[in-house]
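Trainee: Got a predicted model here, sequence first, then my questions.
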Amino acid sequence: MSAIWVWIENKNGEISSISKEVIGAARTIAEELGEDVVGIVLSDDVDAVAAAAFDLGVDEVMGSEDDTFAAFRVTAAGPTVAEMAKEEEPAVFLAGASVQGSEIAAWVAAECDAGLIADAIALEVDDEMVKATCLVYNGKLMATTFVTDGTQCITLRNRAFAPAESTGDDGDADLVDAVKTEDEIGAKVTGFASAGGGVSLNDANIIVSGGRGVAGAEGFAPVRELADVLGAAVGASRAAVDAGWIPYEHQVGQTGKVVAPDLYIAAGISGAIQHQAGMRGSKVIVAINKDADAPIFKIAQYGIAADLFDVLPALTEAFKERL
Amino acid sequence: MKVVVCTKQTPSTTAAITLNNDGSVSWEDAGGKPNILNPWDEYGVETGIRLKEDGKASDVIALTTGAPDDTVGLKTALAMGCTEAIIVADEAYAGVDTLGTARIMAAAINNIGDVSLAIFGRQINGDMGHTAVQTAVKLGWTPLTQVTAINEIDDDRIVVERAVDDGRETVEAPLPVVLSVSKEIYEPRYPSFMGIRKANRVKIPVWGNDELNLDDAGGSKVDWSDIYDIPAREGTVQMIDSDDMADAAKELVDSLFEEKVI
């Protein structure tokens, strides 16, 4: 049993940002454990992805090249990766806690009867064992967890780990055959629409969010104006989404997205514990709220106790002058 | 067509969670309802009921695993309109991890028999559909996670929309399948007064390992014993005087540049 395996999400020869973070995390623990990092690449064209993975510091690339891997389907990739894992018995299997990473980790753990830890926000090596920190009980408590036996499958939260940096290294991928043929795969992807328009909450360095205080759909205008100036994504509290002022895909919190940008500006959000569960991992939090006693100020670094309709336009102007 | 909705009972979203000195966790809720149907599962229940109302599903069976009296979630599912509920409870299954839960769900679905569709909501702790995928692996079915719409369904195939990492995809798959549904699929209904009364009278069957015959039922390969309070965010808030808004904005912008977050 050895080696840290990393699931490498790729599209059009490029590695996704979350996989770069997972490689970064893998390199850190691999160094402490004295193990190699093995990038797992399934693609219809492995070479470019493998080269990028070696450059990001993986020691080996194992994978499979087949047309069935052109667009990710867990029903195609899962059986092949599980077969590789049964053969090689990696010590650790890491993937991003994205839709794709969660699916592949769950599939591999199920086929290999391995323990699985979801959505870790930190990893440490303790007595040659990898321990993962997670939020539990609706994000109200924390736990340090570990897999007691066999391969440790762990998914890592988006933006919780520093991405791997370029090393200039290169190498050759070690390829195996795909386990399933197209005829044996039930699911067929018949359409795809790329997520267009605006910065996504998951990848944003900066998020400007509005809550009950924006008081209507049109109240998001100053939120959007500030977001535009900053190249930020627009977020919202559940209150604003439930009121129909902004679509659900913008919701941050326990029943929305969990985000961890460098800067989170909360405007007119009181900061209920459910909202905090979705954004307290942000590096710097700015709270803007008329109510100086709102709980959001307790977790913020900077606060302005005033009407967001006065503060946001002033901030937009001040940023325009500096950017 | 039989549809099974896999559910989980969770602490109420408004419950105050307490970490006790012995390391155990307890919770209570000011509203008097410490446990509820996992809010994500309401979307799964709603999806099952809609399939019945559209004449696609004959039975919509709510399923859960836990202690024999963990029936709060199932009662809600029945009150919303599920036709049956089953709880799987056996001491041999205590403390199972996600994979153990998947084995139990798969065995129960096989025991129900002739099921075409199993529907999961998202689990509440950052799970993007692990249990749904693992249940599908154990059943040998196709998993389809993060489903935002069912475009078509007939006796042997389904077409769905999924929210994937970089967009939305349309997927077609032969039945049976395991779905995990997102919040966008349907707005869940409130249980009706009559539904609640009816649900309260239902005696929910309890299945154990006598029914499921799992060789290796439970256990957990994940140690969750080290639970603690979230460390407070360091430092206190720096309030910026807002008498002159332009000055306040400038001061904040300067600080944020110093923090190097811009």
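Mentor: Structure's in. What do you need?
Trainee: make it CA atoms for all contacts and neighbour counts henceforth
Mentor: OK.
Trainee: near chain B, which residues of the stretch 151-300 of chain A show up?
Mentor: Within the stretch 151-300 of chain A, the residues that sit near chain B (Cα under 8 Å from any Cα of the partner chain) are A:186-196, A:206, A:230, A:248, A:254-255, A:262-263, A:274, A:284, A:297-300.
Trainee: List buried residues within the residues you listed.
Mentor: A:186-187, A:189, A:192, A:206, A:230, A:248, A:254-255, A:262-263, A:274, A:284, A:297-300 (16 or more other Cα atoms under 10 Å in any protein chain shown).
Trainee: thinking again about what came up before, so which of the residues of the stretch 151-300 of chain A next to chain B sit within strands?
Mentor: With strands taken from DSSP state E, the overlap with those comprises A:188-194, A:206, A:263, A:284.
Trainee: Flag whichever of the residues you listed scores worst on pLDDT.
Mentor: Lowest pLDDT within those is found at A:Ser194 (85).
Trainee: before we move on, back to that, quick check: the two most widely separated of the ones in strands among the residues of the stretch 151-300 of chain A next to chain B?
Mentor: A:Lys188 and A:Val284 (42.7 Å; Cα to Cα).
Trainee: Tell me which residues touch residue 190, please.
Mentor: If you meant another chain, say so; for now it's chain A. Each residue near A:Thr190 by Cα atoms under 8 Å, 6 or more residues apart in numbering or on different chains is listed here: B:169-172.
Trainee: Please refer instead to chain B.
Mentor: Applying Cα under 8 Å, 6+ apart, we find B:Tyr190 in contact with B:Met80.
Trainee: Which secondary structure state does it sit in?
Mentor: coil (DSSP: H, G, I helix; E, B strand; the rest coil).
Trainee: tell me the pLDDT at it?
Mentor: What the model reports for B:Tyr190 is a pLDDT of 95.
Trainee: What helix or strand is the residue lying closest to A:Val81 once chain neighbours are set aside located in?
Mentor: Leaving out its chain neighbours, the residue that sits closest to A:Val81 by Cα to Cα, 6 or more residues apart in numbering or on different chains is A:Val108, at 6.8 Å. Per DSSP states H and E, A:Val108 falls inside helix A:99-112.
Trainee: Relative to the whole chain's centre, how far out is the helix or strand containing A:Met84?
Mentor: Using DSSP H and E, A:Met84 sits in helix A:74-88. Distance, stretch centre to chain centre, for helix A:74-88: 22 Å (Cα atoms, centre = their mean, to the nearest Å).
Trainee: separation between A:Gly39 and A:Gln152?
Mentor: Using Cα to Cα, to the nearest Å, A:Gly39 is found at 16 Å from A:Gln152.
Trainee: more neighbours, these two?
Mentor: Counted by other Cα atoms under 10 Å in any protein chain shown, A:Gly39 and A:Gln152 do not tie: A:Gly39 has more neighbours, with 29 against 25.
Trainee: does that one really touch A:Met62, like I thought?
Mentor: Yes: at 6.2 Å, A:Gly39 and A:Met62 qualify as touching, with contact defined as Cα atoms under 8 Å.
Trainee: the helices in chain B, which residues?
Mentor: B:41-53, B:72-80, B:98-112, B:130-139, B:193-201, B:209-212, B:245-258 (DSSP state H).
Trainee: so which of these is the most packed in?
Mentor: helix B:130-139 (a mean of 27; mean count of other Cα atoms under 10 Å in any protein chain shown).
Trainee: counting contacts, what elements does that helix pack onto?
Mentor: helix A:99-112, helix B:98-112, strand B:142-153, strand B:177-181 (3 or more Cα pairs under 8 Å, 6 or more residues apart in numbering or on different chains; DSSP states H and E).
Trainee: Any stretches of the stretch 101-250 of chain B with poor pLDDT?
Mentor: B:123-128, B:217-218 (pLDDT under 70).
Trainee: Apply 90 and report the result again.
Mentor: Residues of the stretch 101-250 of chain B meeting the criterion pLDDT under 90: B:122-129, B:165-167, B:182-184, B:215-220, B:224-225, B:230-236, B:241-242.
Trainee: beta partners for the nearest residue to B:Leu144 once chain neighbours are set aside?
Mentor: Leaving aside its sequence neighbours, B:Leu144 sits nearest to B:Leu179 (Cα to Cα, 6+ apart; 4.9 Å). Using DSSP bridges, the beta-bridge partners of B:Leu179 come out as B:Ile119, B:Leu144.
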